[in-house]
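Visitor: Sequence plus predicted model, see below.
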Amino acid sequence: MISFVFYLAFLLIFVVFAVYAERKTAAFIQNRLGPMEVGPKGILQTIADLLKMLQKEDIRANAVDLIPFLIAPLIVFAAVFTGFSVLPINSDLEGSGISSGVFFLLAIVSLDVLGILMAGWASNNKYSLYGAMRSVAQIVSYEVPLGLSVLCVVIIAGTLDLNQMSLIQSRDGMFTWNIITHPVLIIPFFIFFIATLAESNRAPFDLPESESELIGGYSTEYSGFRWGMFMLSEYGMMLLLSILGTILFFGGWSSPLAIFGQGPIWGAVWLLSKAMLLIFVQMWVRWTLPRLRVDQLMSLSWKYLTPLAIVMLFVCALWKLWIMS
């Protein structure tokens, strides 16, 4: 329950500041100011937008299929937020502590596809349906290289328990992090990172929501709080996969050097700091690279990332045999 409350509270606070940070990051990259008027340096702009969104009417078109339309945002958010249940915060708070945490996380998060498809279909809008179909094809395709890259870490760590993975990497600072002690995981990490961009519908893989083509994709017909749940789920997915990447490759809650802060509070600080760095890179990529075409997106997954991930899976297995011999 402590982990549940921690991640729920942190997610809500994170979304407010992440939207502001993304606006400022985009402004810096594009040589402009970004929000400046509401609060010092525009820091209250996101809070103002949040209050406005919560006061908006929940508008529903006459032709929508009402029940699926209403519950779709709940399914998407529930699938994403349930994934946080297996993420350890520090050495004392290990989440649910199940021994197959990696498998559970990947399985439960994949259920958000059902909510997205339900939203697009129930909206009875061609743009929403196009966006939903794009999202389903994209997420299902990129789950393959994502799962294979995670499996590379599982082979080397010898466990599906995320808490055990963090403990293994906490012995001697960064010198026991997987990405450093096992150089063969460098390529799987890049595969993992690219796949997380697609799983989160982030640019350059934001075809399901592309405003210039589909207005807003599967969320076109949504407004107010229900539209906000889709946005909350997207940023929640970014945070979830960034924390997962931190645990798999960058030592979880362990500090970079043993002389730095240790203990439960510092463990949470290091875990979230590393995750924030990965999220910043995701924002950087969004405002730097152009959107891919649909055929380029699918080719990248099936022709390049998936075969490369299979090869690296074989390489990691050989590496494990070699270090054990």
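Guide: It's in. Numbering: from 1, shown residues only.

Visitor: On the pLDDT front, check residue 124 for me.
Guide: Residue 124 carries a pLDDT value of 87.

Visitor: Point out the other helices and strands that the host helix or strand of residue 306 packs with.
Guide: Assigned by DSSP states H and E, residue 306 falls within helix 306-324. Counting contacts by 3 or more Cβ pairs under 8 Å, 6 or more residues apart in numbering; DSSP states H and E, helix 306-324 is packed against helix 126-157, helix 186-199. (Each C-beta comes from the backbone N, C-alpha and C, glycine too.)

Visitor: now the last one and helix 306-324, what's the angle there?
Guide: Right, the one you point to is helix 186-199. 140 degrees (axes from the mean of the first three to the mean of the last three Cα atoms, to 10 degrees).

Visitor: Show me what helix 186-199 is packed up against.
Guide: Against helix 186-199 (3+ Cβ pairs under 8 Å, 6+ apart) you get helix 126-157, helix 224-249, helix 264-286, helix 306-324.

Visitor: For the stretch 1-150 of the chain, give me the ranges with low pLDDT.
Guide: Low-confidence segments of the stretch 1-150 of the chain, defined by pLDDT under 70: 1.

Visitor: contact partners of the helix holding residue 306?
Guide: 144-145, 148-149, 151-152, 155-156, 158, 182, 184-185, 187-188, 191 (Cβ atoms under 8 Å, 6 or more residues apart in numbering).

Visitor: What mean pLDDT does it get?
Guide: On average, helix 306-324 scores 94.

Visitor: So for that helix, what gets flagged as buried?
Guide: 306, 308-309, 312-313, 316, 319-320 (16 or more other Cβ atoms under 10 Å).

Visitor: For residue 30, find the nearest of the helices and strands packed on helix 306-324.
Guide: Nearest to residue 30 among these is helix 186-199; the distance by Cβ to Cβ comes to 19.5 Å.

Visitor: thinking again about what came up before, distance from the chain centre to the helix holding residue 306, please.
Guide: 25 Å (Cα atoms, centre = their mean, to the nearest Å).

Visitor: 2 is where my numbering starts, stick with that
Guide: That works, and once the first residue is 2, the last one we named lands at helix 307-325.

Visitor: now that helix against helix 127-158, angle please.
Guide: 20 degrees.

Visitor: List every C-alpha atom in helix 307-325, with coordinates, as PDB.
Guide: Provided in PDB are the C-alpha atoms of helix 307-325 (Å, rounded to 0.1, in the frame of the first residue of the first chain):
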ATOM      1  CA  THR A 307      13.400  -7.400 -34.000                       C
ATOM      2  CA  PRO A 308      16.100  -9.300 -35.900                       C
ATOM      3  CA  LEU A 309      18.800  -7.300 -34.000                       C
ATOM      4  CA  ALA A 310      17.100  -8.100 -30.700                       C
ATOM      5  CA  ILE A 311      17.100 -11.900 -31.600                       C
ATOM      6  CA  VAL A 312      20.800 -11.700 -32.400                       C
ATOM      7  CA  MET A 313      21.600  -9.900 -29.200                       C
ATOM      8  CA  LEU A 314      19.500 -12.500 -27.200                       C
ATOM      9  CA  PHE A 315      21.800 -15.200 -28.600                       C
ATOM     10  CA  VAL A 316      24.900 -13.000 -27.900                       C
ATOM     11  CA  CYS A 317      23.800 -12.400 -24.300                       C
ATOM     12  CA  ALA A 318      23.200 -16.200 -23.800                       C
ATOM     13  CA  LEU A 319      26.800 -16.900 -25.000                       C
ATOM     14  CA  TRP A 320      28.100 -14.100 -22.700                       C
ATOM     15  CA  LYS A 321      26.300 -15.600 -19.700                       C
ATOM     16  CA  LEU A 322      27.800 -19.000 -20.500                       C
ATOM     17  CA  TRP A 323      31.200 -17.500 -20.800                       C
ATOM     18  CA  ILE A 324      31.200 -15.500 -17.500                       C
ATOM     19  CA  MET A 325      29.800 -18.600 -15.700                       C
END
